[in-house]
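Peer 1: Dropping the sequence and predicted coords here.
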Amino acid sequence: MSANWGRDVWDQYDRVCSHADNGNDFVKRVQQYTKDRMKIEAEYAKELRKLAKSYQKRKEDDMKYSDVSAFYKMVKEADDLAGQHEVIVENSNTRVQDALKKLQHDLHREKKAHDQEGIRHSQNYRGALANLEKAKKKYEAATQEAERAQIAFDKASQDMNLTRAAVEKTRQFSMQKNDQAEEAKGNYLVCLDQTNQFQREHFFTRMPEVFSSFQRMEEGRVDTIKQLMHSLLDIELAVQPIITKCRDNIRESINSIDGARDSMTFVEDHRTGYLPPADRAFEEYSSSKLKTKGRDSKPATNAPREDFGHLPPAKRKKKLQGKVKELEDAVKKETSEHTALEKMYQVYSANPSLGDPTVVQQQLVVIGEKIENLNEELYKFESYLAQAEGKDPPLRRASPGKIAPPPQGNNSQAAAAATAIPAGSAGPTQPAPRQQPPVAQAAVNSGPSAPPPPQETFDEGDEFDQFCVVLYDFTGSNEGEMSVKAGERVKLLENDGSGWIRVRCGEGEGYIPLSYADIQG
């Protein structure tokens, strides 16, 4: 979609005028640059490098605009163009300097004409509003006088001391005031209709034409600057065949100039997203009714909010998109680090001599929590953005899973079990939590999830008794868990397929992970 200043920045007339002034000032700066450049060319490379340095980017220059960006890239390359000066000076004075002077003169004249037209339309619009306000006040005053005259007539008609002639006089006066009130009301209605019509033409026809004139002028200025930069470059190409690389860099920067894209950049920076004001409504006036106050088409400025709701619609969406991009980059970075640590954890678990896997496991827990927090923050701002764009809420992103603790035993059975684990495995499989609420399932911790409370046990004399050999040391940290050592033989009481088994060892019983034990027949 191409830029349309009359549609996209209709309420930014002052910024449009300021942008046009900056463009004219920029032409002056380019013209002065070319003039000084030719002087320095006459003084060879030393002075040319001095010029390039003196024309580095200023703080007030906006590099988002393609002509400004290309110009400063050209200035940077100018430091390498020392030595070739005489032909450049002669040709640039006739082909570039004169053209820049003419461009500056034409821009000043055209900008002045557009500005005067915009001021004239604005004054006419304010005059129409003033006339409407006068007609409204006259209607209000006439209505109040008619009501007072009617009250006076009512009192006179009930006063037995007044003559019929006096009563007739008050009646005639009341009718006169009523006629004046009706006339004032008609004038107000006509004026209101004319003002609304003028307002529509002002915001949808007259001012958009002024904005379009400014846009064409600015795009033409940028394209002319582009052509003149090409001319200046061609002059240099005629005498500088040995600096091909420098010329190519300059041409690339100049070819990036695009007046239409600069217009869209200006729109994106200053578009508010507000709509022009609606037609003004008729306001009735009488002593028994209150005045109706007009409303502004723009919302009042609020204090800064987390969802950027204090900003205009277009700027709010731009801010939210930037925040979502920032959080997505952070999640991507932390996820990459988490993946690398998972691989390191697997290597350390398979070969503890290379490093301590528990240290890596703690780092995985910290990063996992960080990713989960970032995902929550990202989901929140994605929801804000979806609301601003009128879309459905986004889906939540998955966070990294839990990592099971590495084996801690040193006996032969634990070693045998470790060798039975496939290559690349990180140790015993982490059992899934049993009957945990969603909040608990999302938590990231370093050990198995808490087991359920003990259920029905088997009797000691049951003919179906089974026993297990503990493969790894396990320390119970939650209620219902049992601490066991690798190599211990315990009685199996329950295996419900949840990844936890209930066992008895001596006088105690509790839960241990199924992956930490070898069930015997």
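Peer 2: Arrived safely.
Peer 1: Centre-most residue in this structure?
Peer 2: Residue closest to the mean C-alpha point of the chain, counted by C-alpha atoms, centre = their mean, is Lys319 at 2.0 Å.
Peer 1: residues touching the nearest residue to that residue once chain neighbours are set aside, list them.
Peer 2: Leaving aside its chain neighbours, Lys319 sits nearest to Phe308 (4.5 Å; criterion: C-beta to C-beta, 6 or more residues apart in numbering). (Each C-beta comes from the backbone N, C-alpha and C, glycine too.) Neighbouring residues of Phe308 by C-beta atoms under 8 Å, 6 or more residues apart in numbering: Lys315, Arg316, Lys319, Leu320, Tyr384.
Peer 1: Model confidence for the second one, exactly?
Peer 2: When you say that, I think you mean Arg316. The model reports Arg316 with a pLDDT of 80.
Peer 1: Quick check: chain neighbours aside, which residue is closest to Glu219?
Peer 2: In space, Glu219 is closest to Gly259, 3.6 Å off (C-beta to C-beta, 6+ apart).
Peer 1: Tell me how many other residues surround the one you found.
Peer 2: By the criterion of other C-beta atoms under 10 Å, Gly259 has 22 neighbours.
Peer 1: Relative to Asn351, how far out is it?
Peer 2: 64 Å (C-beta to C-beta, to the nearest Å).
Peer 1: does the residue nearest to Lys319 sit in a helix, a strand or a coil?
Peer 2: coil (DSSP: H, G, I helix; E, B strand; the rest coil).
Peer 1: how near is it to Glu382?
Peer 2: 14 Å.
Peer 1: hang on, Tyr472 in a strand?
Peer 2: No: counting by three-state DSSP, Tyr472 is not found in a strand; it is coil.
Peer 1: Please tell me how far it sits from Tyr516.
Peer 2: Counting by C-beta to C-beta, the gap from Tyr472 to Tyr516 is 5 Å.
Peer 1: And the closest residue to Arg271 other than its chain neighbours, how far from Glu389?
Peer 2: Excluding the flanking residues, the one nearest Arg271 by C-beta to C-beta, 6+ apart is Ala314, at 4.5 Å. Relative to Glu389, Ala314 is positioned 11 Å away (C-beta to C-beta).
Peer 1: If you count surrounding residues, which of those two has more?
Peer 2: Looking at Ala314 and Glu389 with other C-beta under 10 Å, you find the greater number of neighbours at Ala314, namely 18 against 11.
Peer 1: Please, which helix or strand holds that one?
Peer 2: Ala314 belongs to helix 313-350 when assigned by DSSP states H and E.
Peer 1: following that helix, which helix or strand shows up next?
Peer 2: Assigned by DSSP H and E, the successor of helix 313-350 is helix 357-389.
Peer 1: so who does Phe474 touch?
Peer 2: Taking C-beta under 8 Å, 6+ apart, one finds Met482, Ser483, Val484, Ile512, Pro513, Tyr516 in contact with Phe474.
Peer 1: Where does Glu494 fall, secondary structure wise?
Peer 2: strand 489-495.
Peer 1: quick one: buried residues of that strand?
Peer 2: Val490, Lys491, Leu492, Leu493, Glu494, Asn495 (16 or more other C-beta atoms under 10 Å).
Peer 1: That strand packs against which elements?
Peer 2: Under the contact definition 3 or more C-beta pairs under 8 Å, 6 or more residues apart in numbering; DSSP states H and E, strand 489-495 sits against strand 466-470, strand 500-505, strand 517-520.
Peer 1: now for the first one, which elements pack on it?
Peer 2: If I follow you right, that is strand 466-470. strand 489-495, strand 517-520.
Peer 1: tell me which residues of that strand are tucked away?
Peer 2: In strand 466-470, counting by 16+ other C-beta under 10 Å, buried: Cys468, Val469, Val470.
Peer 1: what mean pLDDT does it have?
Peer 2: Strand 466-470 shows an average pLDDT of 89 in the prediction.
Peer 1: thinking again about what came up before, what's next to the strand holding Glu494, contact-wise?
Peer 2: 455-458, 465-470, 484, 501-505, 509, 512, 514, 517, 519.
Peer 1: Now do that strand against strand 466-470, angle only.
Peer 2: 120 degrees (axes from the mean of the first three to the mean of the last three C-alpha atoms, to 10 degrees).
Peer 1: which stretches of the stretch 201-350 of the chain form helices?
Peer 2: 207-239, 244-255, 259-270, 313-350 (DSSP state H, counting those that start in this stretch).
Peer 1: ok, so of the contacts of Phe308, who is nearest Ser263?
Peer 2: For those, the residue nearest Ser263 by C-beta to C-beta is Lys315; the value is 17.7 Å.
Peer 1: Hmm, the closest one is touching Thr272, no?
Peer 2: Yes: here Lys315 reaches Thr272: they are 7.0 Å apart, a contact under C-beta atoms under 8 Å.
Peer 1: still on that earlier bit, could you measure from the residue nearest to Lys319 over to Ala388?
Peer 2: 8 Å.
Peer 1: and for the two, which residues touch both?
Peer 2: Common contacts of Phe308 and Ala388 (C-beta under 8 Å, 6+ apart): Arg316, Leu320.
Peer 1: Tell me the buried residues in stretch 42-61?
Peer 2: Buried, per 16+ other C-beta under 10 Å, within stretch 42-61: Ala45, Glu47, Leu48, Arg49, Leu51, Ala52, Tyr55, Asp61.
Peer 1: nope, stretch 129-138 is what I meant
Peer 2: Buried-residue list, stretch 129-138, by 16+ other C-beta under 10 Å: Leu132, Ala135, Lys136, Lys138.
Peer 1: Tell me which residues touch the spatially closest residue to the third one that is not a sequence neighbour, please.
Peer 2: The spatial neighbour of Lys136 that comes closest, neighbours along the chain excluded (C-beta to C-beta, 6+ apart), is Tyr188 at 5.6 Å. Taking C-beta under 8 Å, 6+ apart, we find Tyr188 in contact with Ala135, Lys136, Lys138, Tyr139.
Peer 1: Let's see that with 7 Å instead.
Peer 2: Ala135, Lys136, Tyr139 (C-beta atoms under 7 Å, 6 or more residues apart in numbering).
Peer 1: The first one looks like it's in a helix, true?
Peer 2: Yes: judged by three-state DSSP, Ala135 forms part of a helix.
Peer 1: what stretches of this protein score poorly on pLDDT?
Peer 2: 1, 82, 84, 242, 286-303, 398-464, 521 (pLDDT under 70).
Peer 1: ok, back up a step: can you redo the helices of the stretch 201-350 of the chain as JSON lines with distance to Lys177?
Peer 2: Output for these, formatted as JSON lines (distance: least, C-beta to C-beta, whole Å):
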{"stretch": "helix 207-239", "distance to Lys177": "41"}
{"stretch": "helix 244-255", "distance to Lys177": "75"}
{"stretch": "helix 259-270", "distance to Lys177": "52"}
{"stretch": "helix 313-350", "distance to Lys177": "50"}
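Peer 1: Now do the contacts for the residue nearest to Arg271.
Peer 2: Here Ala314 is in contact with Arg271, Thr272, Gly273 (C-beta under 7 Å, 6+ apart).
Peer 1: Count the neighbours of the nearest residue to Met482 once chain neighbours are set aside for me.
Peer 2: The spatially closest residue to Met482, leaving aside those adjacent along the chain, is Gly510, at 2.9 Å (C-beta to C-beta, 6+ apart). The burial count assigned to Gly510 is 21, neighbours taken as other C-beta under 10 Å.
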